[in-house]
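Enquirer: Kindly return the folded structure for what I paste below:
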Amino acid sequence: GFGTAGGMGAGYWICAVLGCIGLPIVPMVYAAVLMMLILRVFKNIRNKDFLSYAGYVLAIVLTVALNVAARNLDEVRMEDVQNFIGSSGALSAVFRLFLPTVRFLEAGILEASPLPMVLFYLISAAFVAVCFLLAQKLYLPAVLGMGESGSGKRKMTAREVEKTVRRRKAAATFGWIEWKKLYRTPAYFMNCVLLGLFWPLLILVLAGISLFTSGEGGGIAELLKALTSGQLKPLLSGDAAVAAAVLASGCFTGFLALMCQVSSTAVSRQGKNFEFLKCIPLSWEDQIRGLLSSGIGVGLAGSLPYVLALNVAAVVFGLPPVTLLYSALMTVLFVLFVNYQQLFFDILWPKLNWENETAAVKQNYRVLLSMLLDAAAAAALLGAGYAACTVLDLNIHLVTCTLLAVLAALTAVMRRLLYTRGAAVLSETELS
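Expert: Have a look, this model is predicted:
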């Protein structure tokens with residue numbers, strides 16, 4: 001906009017493009033040096049996995065905070081920002097101190113002169129050279145042994161041994177081992193478990209923030225007024241409210257079940273250790289039960305409590321109690337169907353050849369295909385129910401019971417396929 005309004009020539013646009021290309025160099029150097037320092041300081045610290053989890057959660061929290069701050073920027077005028085920066089000499093001085101290339105970039109663009117742009121790139125190159133010099137002293141010593149953690153040896157007491165070594169059923173033991181792999185491997189825990197558990201909380205937080213920040217608190221004030229005055233009771237007492245609650249529960253559960261990638265990577269996560277599954281004295285059906293247990297557990301933990309809590313609150317304010325039963329059944333059936341289908345797909349096309357744990361989860365296109373199939377099935381069921389209620393004007397209770405019956409039948413069919421065809425394919429799978 002500035003260049004067009006000012007009628008700038010070709011030199012201005014060339015310098016502007018070159019400036020956009022070279023501007024991130026210095027900040028990226030600062031970020032690289034900071035990461036090397038963090039790696040060096042926390043190289044041999046105990047509970048290193050906990051720091052990875054904490055950093056992941058902190059990144060999500062910062063993302064939400066930035067999202068909230070960006071929503072509030074609509075009320076801030078550009079003139080106010082310029083006046084604040086211009087009146088704060090100390091802030092401007094610190095900014096120019098840490099980013100010394102900005103003054104040359106500014107001069108080069110405004111004057112369309114090549115000399116300031118040459119100085120801009122020379123200083124950026126000097127920053128990169130210093131970064132490489134520091135990397136020789138910091139990076140390699142920090143990376144070597146990065147996967148190791150400091151620990152101290154101690155003798156276990158008899159009670160600790162008794163607590164650790166306990167008798168379980170073979171399938172339950174196999175499932176417990178798979179769960180330990182999930183939460184003890186940062187790549188698996190953050191991409192498979194934490195996302196499934198964190199998404200519903202994130203959705204509720206964003207919804208709450210939207211209520212509190214809409215129109216000087218008008219959103220939350222109107223909601224509280226409606227709750228206390230009984231205005232919601234007539235709205236929640238009809239069949240339309242039941243339909244809306246069932247549809248919302250289905251969409252919410254379907255989305256959360258898709259985001260949980262535990263079952264969709266259960267076989268792929270075995271990698272080179274897949275041959276171990278053929279050696280243990282455990283039937284393929286029991287191994288499938290063990291692989292399913294973690295995915296179903298995480299899926300239910302990340303969806304059912306929230307669905308029940310929201311529906312219970314709605315029932316208190318007038319929603320028919322039968323909606324609670326509908327929502328709970330739909331949630332359980334959706335979670336079971338999605339986990340059966342995802343594990344079945346992973347058995348048919350596993351990704352067993354990978355170099356690190358992250359590749360088994362994030363570089364696995366089969367996960368995306370499985371998610372798309374589940375999304376299509378959920379959209380078809382919920383869309384059919386919506387059309388039956390709105391277009392055909394059928395009774396919501398009849399439509400809901402029919403949808404639950406269809407979903408239960410699909411879940412039973414997928415479970416049958418998993419324990420028959422899936423077990424046969426597992427027994428024939430070989431590492432290539």
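
Enquirer: rest of the way, CA atoms for contacts and neighbours
Expert: OK.

Enquirer: Figure out how far the one helix or strand Leu291 maps to is from the centre of its chain.
Expert: For Leu291, the enclosing helix or strand under DSSP states H and E is helix 284-301. A distance of 20 Å separates the centroid of the chain from that of helix 284-301, by CA atoms, centre = their mean, to the nearest Å.

Enquirer: Which element is encountered next along the chain beyond that helix?
Expert: Tracing the chain past helix 284-301, the next element assigned as helix or strand by DSSP H and E is helix 304-316.

Enquirer: hmm, back to that, now do the helix holding Leu291: which elements does it pack against?
Expert: Here helix 284-301 is seen to pack against helix 170-184, helix 195-213, helix 322-348, helix 423-428 when contacts are counted using 3 or more CA pairs under 8 Å, 6 or more residues apart in numbering; DSSP states H and E.

Enquirer: What's the local residue count around the residue nearest to Val102 when sequence neighbours are not counted?
Expert: Once flanking residues are discounted, Val102 sits nearest to Arg96: 6.8 Å by CA to CA, 6 or more residues apart in numbering. For Arg96, the neighbour count with other CA atoms under 10 Å is 13.

Enquirer: Can you check what pLDDT the model gives Arg96?
Expert: Each residue has a pLDDT score; the one for Arg96 is 72.

Enquirer: name the element it belongs to?
Expert: For Arg96, the element it lies in under DSSP H and E is helix 89-98.

Enquirer: Which helix or strand lies directly C-terminal to that helix?
Expert: With secondary structure assigned by DSSP H and E, helix 89-98 is succeeded by helix 101-111.

Enquirer: Next, name the residue at the spatial heart of this structure.
Expert: By CA atoms, centre = their mean, the chain has its centre lying nearest to Leu195, at 3.9 Å.

Enquirer: Can you give me the distance of that one to Leu204?
Expert: To Leu204, Leu195 is 14 Å away according to CA to CA, to the nearest Å.

Enquirer: pLDDT value on the residue nearest to the centre of the chain, please?
Expert: Leu195 is assigned 75 on the pLDDT scale.

Enquirer: Ok, Lys153 next?
Expert: Lys153 is assigned 59 on the pLDDT scale.

Enquirer: if we can go back for a sec, list the buried residues of the helix holding Leu291.
Expert: For helix 284-301, a neighbour-count test (16 or more other CA atoms under 10 Å) marks 284-296, 298-300 as buried.

Enquirer: and that helix with helix 170-184, angle?
Expert: 50 degrees (axes from the mean of the first three to the mean of the last three CA atoms, to 10 degrees).

Enquirer: Output helix 284-301 as PDB, restricted to C-alpha atoms.
Expert: Only the C-alpha atoms of helix 284-301 are listed here, as PDB (Å, rounded to 0.1, in the frame of the first residue of the first chain):
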ATOM      1  CA  TRP A 284      -3.400 -62.100  17.600                       C
ATOM      2  CA  GLU A 285      -6.900 -61.400  18.900                       C
ATOM      3  CA  ASP A 286      -5.500 -60.700  22.400                       C
ATOM      4  CA  GLN A 287      -2.800 -58.500  20.900                       C
ATOM      5  CA  ILE A 288      -5.500 -56.500  19.100                       C
ATOM      6  CA  ARG A 289      -7.300 -56.100  22.400                       C
ATOM      7  CA  GLY A 290      -4.200 -54.800  24.000                       C
ATOM      8  CA  LEU A 291      -3.500 -52.400  21.100                       C
ATOM      9  CA  LEU A 292      -7.100 -51.100  21.200                       C
ATOM     10  CA  SER A 293      -7.200 -50.500  25.000                       C
ATOM     11  CA  SER A 294      -5.000 -47.400  24.900                       C
ATOM     12  CA  GLY A 295      -6.800 -45.800  22.000                       C
ATOM     13  CA  ILE A 296     -10.300 -46.400  23.400                       C
ATOM     14  CA  GLY A 297      -9.200 -45.200  26.800                       C
ATOM     15  CA  VAL A 298      -7.800 -42.000  25.600                       C
ATOM     16  CA  GLY A 299     -10.700 -41.400  23.200                       C
ATOM     17  CA  LEU A 300     -13.300 -41.800  26.000                       C
ATOM     18  CA  ALA A 301     -11.300 -39.800  28.500                       C
END
